[in-house]
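In: predicted model, plus sequence, below.
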Amino acid sequence: SAAVLMTSLSSSHAHRRGQHPPSVHSDRFYVLLQGAVVGCGVPAVWQQCPQAHEHAAVAKKLLAVDVSISGQGSTQPCNYPVLGDNIRNPVGRYRVAGGGCSGAAVAVARGEADLALGTDCLGSVRMPAACLGVYGFVCTPGVVSAFVPSSVPNSSRTDAADAANPQSNGTAVPARRSSSNSMEIVGLICSDLGLMCDVASYLGLPGRRELRHEMTQVIVAEDLFQLCEPELAPGILAVKRAVLAWAGNEQAGSVQLLHFLQQNSSSWRYFSTQQESSQEFSNHTSLPELPEVLAALTRAAQVLYHNELSQRYQELLQGVPESDLGPEIAEALAAGAAVTEQDLEAARTVQKEVQDMMKSAVRRDVVVVMPCIPAAPPRLDSPEDVRQAWLHRCHAFSALTTLAGCPSVVLPTGALPDGGPLGLALFGQTRTDQRLLAVADKLMPSIQTELEKLRQQAGTQKGGAAAAAGGGGAGQNAQDKGPQVDPKRVARAEKFKTRGNDAYKVSNFKAAISAYSEAIKQNPANPVYYSNRAMAHLKLFSFEAAEADCNRVLAFEHLQPSDRVKALLRRGTARMHKGDLRGAKSDFREVLSAEPNNRQAQEELRALRQQEIDLEDTRRQHAFAAAANPSSGLPSFNSWGSGTEHSFADMPLGRTSQQGHGGPGALPGFSGSAGDYFPGFPAGNALDADQLESMLRSGGMSVVLGENGEPVCGPSGEPVIVGPDGQELAIEPSGHITPYTPRDSAH
């Protein structure tokens, strides 16, 4: 199954077979082109294979827009996603190139083609793209076909041969499933993301490319990245910063994807005891062992894929020596032949359940960041268990989106100092192909900018360390940037931070606070530890402690803008829950001045405005209640925020039987003097309950607030109100209204 090299340039260089090492063989096109041999990457069977009598649908669409074919690319046997150590990696020397569509990806990386077509299931397109530092994209299953229209599911060798070439006279050719049922999906490899977006448009892939006036939320699958080496961290950080620069802090988030799948599905448990032997490799490397749910999902995807490979190739490859196939392909074909109907049905159930869950969980405006490879491609001289653990992890990551039927795009995210490429993947909801590519195209310039900043920062830190080690005047420069911390203490602090993060993820917030505190003891110069501890304090409703930690963060010089925004949001939340509405508003407004589209700050400010309205209504109700029934005493203003819900129905608003100067039905304590303060009421007339309630509701009377957001009270604790003319009035304990003379200017 594999690779067609294409270019939109009329003067493209041909991808000639002689340019590859002798051990690499040219594929005979599984993405079918008219006149091409229908092969499977195994030279021993090429003589048995006929030529295709027409182009595949994906090729027809591209040829219709004047895209020219520059050559054919080599593929691994059966296009299986192996290490690709039999082809030279031109980007990361002495490292594997990643299998399936290896030759096509190498041609793109070397500039010999602008675009390569292939098919992907467990990483045949994505792995080589990541290993060679180019872009890879896998479409939503079934939206475009790599097969000729006449291919028949579960056909015999003779039937399939006749479909590929009516004049083949029964020459053998592998059977195929239809494109809509196949586990293998059309994929693209390209060195220019903009060109890839254009190609997606030419192919008519689903989804809108236009992002104007649309919000996009980018979520990082944190638990998947915990299964990777730390060398991927700069790429993740660059993506997060790019999202912050593009859409604001509220559009970036994280998710425990495996935990979500484990808690919301059960069919995967059928495969939880059937993990492949390759899982044991992870126990001999620095990579952590695969979680049970991910190992089971990988096994389900392998059952479907290996079964399809067996149906397609088993008969054709019968008698071919294992040395011509490779141990991985031979094992996969044997495993596919041994799949039972029960296993197959269970795997299809898992696939359906994962698809349904991801459709409901991943909205159309959500893009998820996940790993594609767990580390840089392993070196050719790496131990076999290290190489196999890396490969098995790649299969596991690819299995998730393959089962879910989601489009995914691989983005290059720099390289190690020795040139080892790094990359990660984005995926979106099914049938959002063009939108996913548009988001990637929008983010990629910012990601590259942030990666360059991180490289410069790392270089500066190394230079500073070297200068400090050399002594002299450099020590003064280092001192200007703050106290230097022993690297061993920094490492210990990071371990405590990781321990705190782990505790936080399982909602053990006390343990998280303890771990972050230990990290601060080891390295008090890192503001992230205070910020993380503040968030844990918020979860325990320790708002004073949370505010104090945020204040420490904001006191740091040269604070990163994203860290400052995060601290302001958390301090604003703490202040809001403490009742410091003015301080909370100040924090959220400062966030919006830095990030005008920050959704959290916008929502919090709306909530604060509503809270002020509700609080004002409650204060008016209490003020009226006190005026209506002074014998019960005035309510304490401090108790209004105690959590008790109040409404007008709860207040003693009914007419009292007491007789006041106003006659029956008048509010006690109000005499003709009320007319002096409320126009429209003649002197000598008293306000009754209905009239005062109407004024409270209409805003004709309101409670005075001080600068701290608290209500202003008179000498005896009486509420201070404002009449229609703006005059401040006090409702005395007796119920009489008198002009209020402020004791100071606090309000």
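Out: Okay, I see it. Computed from a prediction, not measured in an experiment: that's the story for all the values here.
In: the helices in the stretch 451-600 of the chain, which residues?
Out: Ranges of helices in the stretch 451-600 of the chain, per DSSP state H, counting those that start in this stretch, are 474-480, 487-505, 509-522, 527-539, 543-554, 561-578, 581-594, 599-628.
In: so for residue 265, which of these sits nearest?
Out: With distances scored as Cβ to Cβ, the stretch of the helices of the stretch 451-600 of the chain nearest to residue 265 is helix 487-505 (19.7 Å). C-betas here are computed from N, CA, C, even on glycine.
In: which strands or helices does the closest one pack on?
Out: helix 509-522, helix 527-539 (3 or more Cβ pairs under 8 Å, 6 or more residues apart in numbering; DSSP states H and E).
In: so can I have a markdown table of those helices showing distance to residue 200, mean neighbour count and mean pLDDT?
Out: Supplementary listing: these in a markdown table, determined by distance: least, Cβ to Cβ, whole Å; neighbours: other Cβ atoms under 10 Å; pLDDT from 0 to 100:
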| stretch | distance to residue 200 | mean neighbour count | mean pLDDT |
| --- | --- | --- | --- |
| helix 509-522 | 43 | 20 | 91 |
| helix 527-539 | 38 | 23 | 92 |
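In: nearest to residue 225, of the ones you listed?
Out: Of the helices and strands packed on helix 487-505, the one closest to residue 225 (Cβ to Cβ) turns out to be helix 527-539, at 16.8 Å.
In: would you mind pulling the contact partners of the closest one?
Out: 493, 497, 500-501, 504, 507, 509, 512-513, 516-517, 519-520, 523, 543, 545-547, 549-550, 552-553, 556, 559, 563, 566-567, 570-571, 573-574 (Cβ atoms under 8 Å, 6 or more residues apart in numbering).
In: mean pLDDT for the helices of the stretch 451-600 of the chain: which is lowest?
Out: Among those, helix 474-480 carries the lowest mean pLDDT, a mean of 37.
In: filter the contacts of helix 527-539 down to the buried ones, PyMOL style.
Out: Of the contacts of helix 527-539, the buried ones go into a single PyMOL selection, burial set by 16 or more other Cβ atoms under 10 Å:
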select buried, resi 493+497+500+504+509+512+513+516+519+520+523+543+545+546+547+549+550+552+553+556+563+566+567+570+571+573+574
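In: re earlier: and residue 336, which of the helices and strands packed on helix 487-505 is closest to it?
Out: Nearest of the helices and strands packed on helix 487-505 (Cβ to Cβ): helix 509-522, 45.9 Å.
In: convert that closest one to PDB, retaining C-alpha atoms only.
Out: The C-alpha trace of helix 509-522 is given here as PDB (Å, rounded to 0.1, in the frame of the first residue of the first chain):
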ATOM      1  CA  PHE A 509      -4.900  18.500  46.600                       C
ATOM      2  CA  LYS A 510      -3.400  18.400  50.100                       C
ATOM      3  CA  ALA A 511      -0.600  16.100  48.800                       C
ATOM      4  CA  ALA A 512      -0.200  18.400  45.800                       C
ATOM      5  CA  ILE A 513       0.300  21.400  48.100                       C
ATOM      6  CA  SER A 514       2.800  19.500  50.200                       C
ATOM      7  CA  ALA A 515       4.800  18.500  47.100                       C
ATOM      8  CA  TYR A 516       4.800  22.000  45.600                       C
ATOM      9  CA  SER A 517       5.900  23.400  48.900                       C
ATOM     10  CA  GLU A 518       8.900  21.000  48.900                       C
ATOM     11  CA  ALA A 519       9.700  22.100  45.300                       C
ATOM     12  CA  ILE A 520       9.700  25.700  46.500                       C
ATOM     13  CA  LYS A 521      12.100  24.800  49.300                       C
ATOM     14  CA  GLN A 522      14.500  23.300  46.800                       C
END
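In: so which elements touch that helix?
Out: Using 3+ Cβ pairs under 8 Å, 6+ apart: helix 509-522 touches helix 487-505, helix 527-539.
In: pull the CA atoms of the last one into CSV?
Out: Spelled out, that is helix 527-539. This file holds the C-alpha atoms of helix 527-539, laid out as CSV (Å, rounded to 0.1, in the frame of the first residue of the first chain):
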residue,chain,number,x,y,z
PRO,A,527,7.3,31.1,39.9
VAL,A,528,5.5,28.0,38.4
TYR,A,529,5.7,26.2,41.8
TYR,A,530,3.8,29.0,43.6
SER,A,531,1.3,29.2,40.7
ASN,A,532,0.6,25.5,40.9
ARG,A,533,0.3,25.6,44.7
ALA,A,534,-2.2,28.5,44.3
MET,A,535,-4.4,26.4,42.1
ALA,A,536,-4.4,23.6,44.6
HIS,A,537,-5.3,26.0,47.4
LEU,A,538,-8.2,27.2,45.3
LYS,A,539,-9.5,23.6,45.0
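In: the inter-axis angle of that helix versus helix 487-505?
Out: 20 degrees (axes from the mean of the first three to the mean of the last three Cα atoms, to 10 degrees).
In: export the helices and strands packed on helix 487-505 to TSV and tack on distance to residue 118?
Out: TSV is the format used below for the helices and strands packed on helix 487-505 (distance: least, Cβ to Cβ, whole Å):
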stretch	distance to residue 118
helix 509-522	45
helix 527-539	41
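In: alright, calling it a day.
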